[in-house]
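1. Let me see the structure of the following:
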Amino acid sequence: MKTSTLIVTLLLATTFSFAGCHEATEGVDAPASTYTATDFAFDGPGELETGWNEITIKNDGQQLHHIYLFRLDEGKTEADLIAALEAREHPEWAHHVGGPNTAMPGESVTAWVDLEPGTHVMVCEIPDPEGTPHFAHGMHQAIEVSEADTEADAPKHDTTLSLRDFSFGMPDPAGGQQVVQVTNDGGQPHEAALVKLEEGATAMDFIGAFAPDAQGPPPGRGAGGYTGLEPGETAYFQLDLEPGDYAYICFLQDPESGKPHFQLGMIEEFTVE
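-> Prediction:
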């Protein structure tokens, strides 16, 4: 199954500054870890424990970054995964765990991930201006997950988001700080990439700004969300929504048609009053 970030998909379709623990979110007992992203590396813990983990990406780079976690089957290594990704393959032995989606430079995004034991690899799939994915520049990190003595409960959430083949299901949006429970109710891996749109712009205007002949900057900005999640799995992410227009978009690719999910209808625009 091919994963992709916003810009990776379009390219293929059309041609606190510290690492370690951070202060946990109020009311959440999951262990908290921060991974500082630079151009092009992650700096954060190489060992975590099973169960719910609060993971934050702090973008200290000049480019967009995110955290995309894969859990590897026994016997597979970080080098195996990077070789597969560089060959534009997404093998069955690499399972989509996800993580906090796009963080703008100077900003942070937080998500809660339910980890199982074993080797995980954190990658950034966003490309540089020449189209080379960040993991090809060395932006990846192996994480060993061991059994915890006691696992934390899932965080309490304020709203929900359903990922489907090929749509989003969500209640009426509300502004302010909130924790979103995201569940993949579809038959394929999906992601929820959140974009804050400029006034009067649509999600397709934003996507079209990355076409080869596009002029000017995109009419919007990344605003977090959650990276790829396996069918039947649930995770959580944190938002702080100001009034304005937004869109959830899934950029992962359908293996049958070869089209990104947004071309199959997986876009949900909404307005926060």
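
2. From Met204, how far out is Gly222?
-> 16 Å (Cβ to Cβ, to the nearest Å). The C-beta positions use only the backbone N, C-alpha and C, and glycine is treated the same way.

3. With neighbour numbers in mind, choose between those two.
-> Each of Gly222 and Met204 has its neighbours counted (other Cβ atoms under 10 Å); Gly222 has more, 23 against 14.

4. Which residues are in contact with the closest residue to the more buried one other than its chain neighbours?
-> Excluding the flanking residues, the one nearest Gly222 by Cβ to Cβ, 6 or more residues apart in numbering is Thr102, at 3.5 Å. Shown in contact with Thr102 (Cβ atoms under 8 Å, 6 or more residues apart in numbering): Thr5, Leu6, Leu64, His65, His66, Val109, Ile126, Ala193, Gly222, Ala223, Gly224, Gly225.

5. now the residues you listed: which count as buried?
-> The neighbour count (16 or more other Cβ atoms under 10 Å) marks Thr5, Leu6, Leu64, His65, His66, Val109, Ile126, Ala193, Gly222, Ala223, Gly224, Gly225 as buried among the contacts of Thr102.

6. Do I have it right that the fifth one meets Val123?
-> Translated: His66. No - assessed by Cβ atoms under 8 Å, His66 is found out of contact with Val123, at 9.1 Å.

7. middle-most residue in this structure, spatially?
-> What sits nearest the mean C-alpha location of the chain, by Cα atoms, centre = their mean, is Thr227, with 2.4 Å.

8. Glu242: how many residues sit nearby?
-> Going by other Cβ under 10 Å, the residues that sit close to Glu242 add up to 10.

9. in stretch 124-142, what's buried?
-> For stretch 124-142, a neighbour-count test (16+ other Cβ under 10 Å) marks Cys124, Glu125, Ile126, Pro127, Pro133, His134, Phe135, Ala136, Met139, His140, Gln141 as buried.

10. Likewise for stretch 155-162?
-> The neighbour-count check on stretch 155-162 (16+ other Cβ under 10 Å) flags Pro155, His157, Leu161, Ser162 as buried.

11. Then stretch 90-101?
-> Neighbour-count burial for stretch 90-101 [16+ other Cβ under 10 Å]: His90, Pro91, Ala94, His95, His96, Val97, Gly98, Gly99, Pro100, Asn101.

12. What distance do you get for the residue nearest to the centre of the chain to Cys124?
-> With Cβ to Cβ as the criterion, Thr227 and Cys124 are 10 Å apart.

13. Could you find the closest non-adjacent residue to Pro171?
-> Per Cβ to Cβ, 6+ apart, closest to Pro171 is Thr159, 6.0 Å.

14. ditto for Trp112
-> Nearest residue to Trp112 in three dimensions, chain neighbours excluded: Tyr236, at 4.0 Å (Cβ to Cβ, 6+ apart).

15. And the helix or strand hosting the one you found, what's buried?
-> Assigning secondary structure by DSSP states H and E places Tyr236 in strand 234-241. Within strand 234-241, the residues scored as buried using 16+ other Cβ under 10 Å are Ala235, Tyr236, Phe237, Gln238, Leu239, Leu241.

16. tell me the contacts of the fifth one?
-> Same thing as Leu239. Leu239 neighbours (Cβ under 8 Å, 6+ apart): Gln177, Gln178, Val179, Val180, Leu194, Ala223, Gly224.

17. So Ala136: helix, strand or coil?
-> helix (DSSP: H, G, I helix; E, B strand; the rest coil).

18. which residues do Thr227 and Cys124 both contact?
-> His66, Ile67, Tyr68.

19. ok, the first one to Thr132 distance?
-> Read it as His66. 16 Å.

20. okay if I get the buried residues of stretch 90-101 as JSON lines plus pLDDT?
-> Formatted as JSON lines, the buried residues of stretch 90-101 follow (pLDDT from 0 to 100):
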{"residue": "His90", "pLDDT": "85"}
{"residue": "Pro91", "pLDDT": "92"}
{"residue": "Ala94", "pLDDT": "98"}
{"residue": "His95", "pLDDT": "98"}
{"residue": "His96", "pLDDT": "97"}
{"residue": "Val97", "pLDDT": "98"}
{"residue": "Gly98", "pLDDT": "97"}
{"residue": "Gly99", "pLDDT": "98"}
{"residue": "Pro100", "pLDDT": "98"}
{"residue": "Asn101", "pLDDT": "97"}
